[in-house]
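Student: Only the shape, not the letters, is given here:
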């Protein structure tokens, strides 16, 4: 039962990304070609509203449902890992037109062959874990 | 009267949801997860899947208590169910189409793709279960996404949404990386492979 709320939020998230065509390879192409405001509007409005909500959480010292103060830890500052990792991620995102969330949504949304992409992503994650000590971070 | 209203609701739901509906719902997703004591980040599940599969024997990076991540796995199962509901019960009479700009259609036609405005599917036909090229693209693209997400410390949800909302400079660097990679694939590599 305590997992049900996460299932329901996931369902809302999946329906929204599918119906807004965020899961579409063609929409990602349109984004990387700067030919529509659509994807920028989605990410931009999510960030603006998200930033306002986080400010609200901080200023009102909002507690989560367990009564713990909602806190945010800063990400460790570095340059190579974010720029290199981000670039590798972007190459894959444009190639298959899906980042991790949409991969799972598409498996449910009549494109089960995105299981192949998920298998590739799990393999990529595994190889990163193995090579991690040798990579610049 | 009620029937007309129901039809209007059905029409509204079946159209392409506009950005000003989708963006706020994504922000709400992030907020609800924070309220439930969690953080929004889908690619963490890929690490969890490695851990469940026993990758901790090979690398300490996967020695995590994956039971603490089951909420996130539940979230993506929800996403999968949401995709099923949207694709099968919420489409209009035209089916599931992507409504992209004329300029993008023209660019893809120039690459030699057989696409027609007004009949663009959600996923291009070159991605499927049946062709070797599809397997190669999905496997290699998935690999890059998985490797890059963990190396860069997050994906679109963790960096572009959660990180930028929290004004994290590392997330901005990662998002700039997303675009360097995406633009290189689109403008340098696509002309070679399509």
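Tutor: Nice, I can see it. On a predicted model such as this, the values are computed, not experimentally measured, just so you know.
Student: average model confidence for stretch A:15-27?
Tutor: Averaging pLDDT along stretch A:15-27 gives 98.
Student: all helices of the chain, in order?
Tutor: Since no chain was named, I'll use chain A. With helices called from DSSP state H, chain A shows them at A:4-19, A:25-32, A:38-59, A:80-96, A:100-108, A:114-131.
Student: Wait, chain B was what I had in mind.
Tutor: Counting by DSSP H, the helices of chain B are B:2-14, B:19-35, B:44-52, B:70-89, B:102-110, B:132-151, B:164-165, B:169-184, B:190-193.
Student: what about the ones you listed, which gets the closest to residue A:107?
Tutor: helix B:70-89 (5.5 Å; Cβ to Cβ). Just so you know, the C-beta spots here come from the backbone N, C-alpha and C atoms, and that holds for glycine as well.
Student: contacts for the helix or strand of chain B with the lowest mean pLDDT?
Tutor: Between all helices and strands in chain B, the lowest mean by mean pLDDT, DSSP states H and E belongs to helix B:2-14, at a mean of 83. Helix B:2-14 is contacted by residues A:19, B:90-92 when judged by Cβ atoms under 8 Å, 6 or more residues apart in numbering or on different chains.
Student: Just give me the residue right at the centre of chain B.
Tutor: Nearest to the mean C-alpha position of chain B, by Cα atoms, centre = their mean, lies residue B:156 at 8.0 Å.
Student: Ok, which of the helices of chain B comes nearest residue A:56?
Tutor: helix B:19-35 (9.1 Å).
Student: give me the low-pLDDT residue ranges for the chain?
Tutor: Since no chain was named, I'll use chain A. For chain A, no stretch is flagged by pLDDT under 70.
Student: my bad, the chain I had in mind was chain B
Tutor: Judged by pLDDT under 70, the stretches of chain B that qualify are B:1.
Student: Try it again at 90.
Tutor: Along chain B, the parts satisfying pLDDT under 90 run over B:1-14, B:92-94.
Student: that older thread, ok, now how distant is the residue nearest to the centre of chain B from residue A:92?
Tutor: 12 Å (Cβ to Cβ, to the nearest Å).
Student: can you redo the contacts of helix B:2-14 as CSV with neighbour count and distance to residue B:165?
Tutor: Shown next, in CSV, are these (neighbours: other Cβ atoms under 10 Å in any protein chain shown; distance: Cβ to Cβ, whole Å):
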residue, neighbour count, distance to residue B:165
A:19, 26, 22
B:90, 17, 28
B:91, 18, 31
B:92, 13, 33
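Student: Check which residues of the least confident helix or strand of chain B are buried.
Tutor: Of all the residues in helix B:2-14, those buried under the rule 16 or more other Cβ atoms under 10 Å in any protein chain shown are residue B:14.
Student: by how many degrees do it and helix A:4-19 diverge?
Tutor: 80 degrees (axes from the mean of the first three to the mean of the last three Cα atoms, to 10 degrees).
Student: Let me see the contact set for residue B:97.
Tutor: Here residue B:97 is in contact with B:118-122 (Cβ under 8 Å, 6+ apart).
Student: out of the residues you listed, which is most surrounded?
Tutor: For the contacts of residue B:97, the largest number of neighbours (other Cβ atoms under 10 Å in any protein chain shown) sits with residue B:122, at 24 neighbours.
Student: That one against residue A:20, yeah?
Tutor: No: using Cβ atoms under 8 Å, residue B:122 is not in contact with residue A:20, being 11.4 Å away.
Student: Now residue B:46. Nearest residue, chain neighbours left out?
Tutor: Among residues not flanking residue B:46 along the chain, residue A:125 sits closest, at 4.2 Å (Cβ to Cβ, 6 or more residues apart in numbering or on different chains).
Student: What residues does the one you found make contact with?
Tutor: B:43, B:46-47, B:49-50, B:146-147, B:149-150.
Student: again, only using 7 Å
Tutor: Residue A:125 sits next to B:46-47, B:50, B:146-147, B:150 when contact means Cβ atoms under 7 Å, 6 or more residues apart in numbering or on different chains.
Student: Present these as JSON lines; the columns should include neighbour count.
Tutor: Below are the contacts of residue A:125 laid out as JSON lines (neighbours: other Cβ atoms under 10 Å in any protein chain shown):
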{"residue": "B:46", "neighbour count": "27"}
{"residue": "B:47", "neighbour count": "23"}
{"residue": "B:50", "neighbour count": "26"}
{"residue": "B:146", "neighbour count": "33"}
{"residue": "B:147", "neighbour count": "27"}
{"residue": "B:150", "neighbour count": "28"}
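Student: how close does the residue nearest to residue B:46 get to residue B:141?
Tutor: Distance from residue A:125 to residue B:141, by Cβ to Cβ: 14 Å.
Student: same check, this time on residue A:66
Tutor: 39 Å.
Student: okay, those two: which has more neighbours?
Tutor: residue B:141 (26 against 8).
Student: so what's that one closest to, chain neighbours aside?
Tutor: Residue B:141's closest residue in space is residue A:96 (Cβ to Cβ, 6+ apart), at 3.4 Å.
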